[in-house]
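1. The sequence and its predicted three-dimensional model are supplied below.
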Amino acid sequence: VNLDTAARLDIICRKGDSFSLTVEFDQDLPSGTYNMQVRPSDDDNSGAAFLGLNVAVSGGDAKKLEITASPSDMNKDAGLYVYDVQYKNADSSTITTYLFGTFEIKEDVTVNT
């Protein structure tokens, strides 16, 4: 029995750019808390995530997951990282991973202040 239903989605973005991604699923997503963390490796449990992004089910469509981060939050070292997106229900009795993959941040030339 394979209980791993998470979908792999590799992400490439730019250092210091706004981050906005909408992922559409085949079924309605449950209401609850969604969390996305980016870490240097999948076995890095050293504490706070390297990068945490805002994740929410779209207000107008329960099949869409919206992931965003500000340019200042995305001002991280260029490199190849890993991430996942997890759902947790209100009483924390259910945790489900919906997405996982690599998260590549490419270097940028222009520095915005």
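-> Looks like it came in fine. Numbers count the residues shown, from 1 in each chain.
2. Report the contact partners of L21.
-> For L21, the residues meeting the contact criterion (Cβ atoms under 8 Å, 6 or more residues apart in numbering) are 11, 66-68. No exception for glycine: its C-beta is placed from N, CA and C like everyone else's.
3. If we use 10 Å, what do you get?
-> Taking Cβ atoms under 10 Å, 6 or more residues apart in numbering as the definition of contact, the neighbours of L21 are 9, 11, 13, 36, 53, 55, 65-69, 99.
4. Same question for S72.
-> With contact taken as Cβ under 10 Å, 6+ apart, S72 is in contact with 16, 18, 112.
5. Show me which of those residues is closest to Q86.
-> Within the set of the contacts of S72, S18 lies nearest Q86; the separation is 23.3 Å, counting by Cβ to Cβ.
6. Run a quick neighbour tally on the closest one.
-> Here the count is done by other Cβ atoms under 10 Å, and S18 has 13 residues near it.
7. Now do it, the pLDDT please.
-> With respect to pLDDT, S18 has a value of 93.
8. for S72, same thing?
-> Reading off the confidence values, S72 has pLDDT 89.
9. Also the one 10 residues further on?
-> V82 carries a pLDDT score of 93 in this model.
10. I'd guessed it sits against S41; true?
-> Yes: checked against Cβ atoms under 10 Å, the pair V82 and S41 is within contact range at 6.2 Å.
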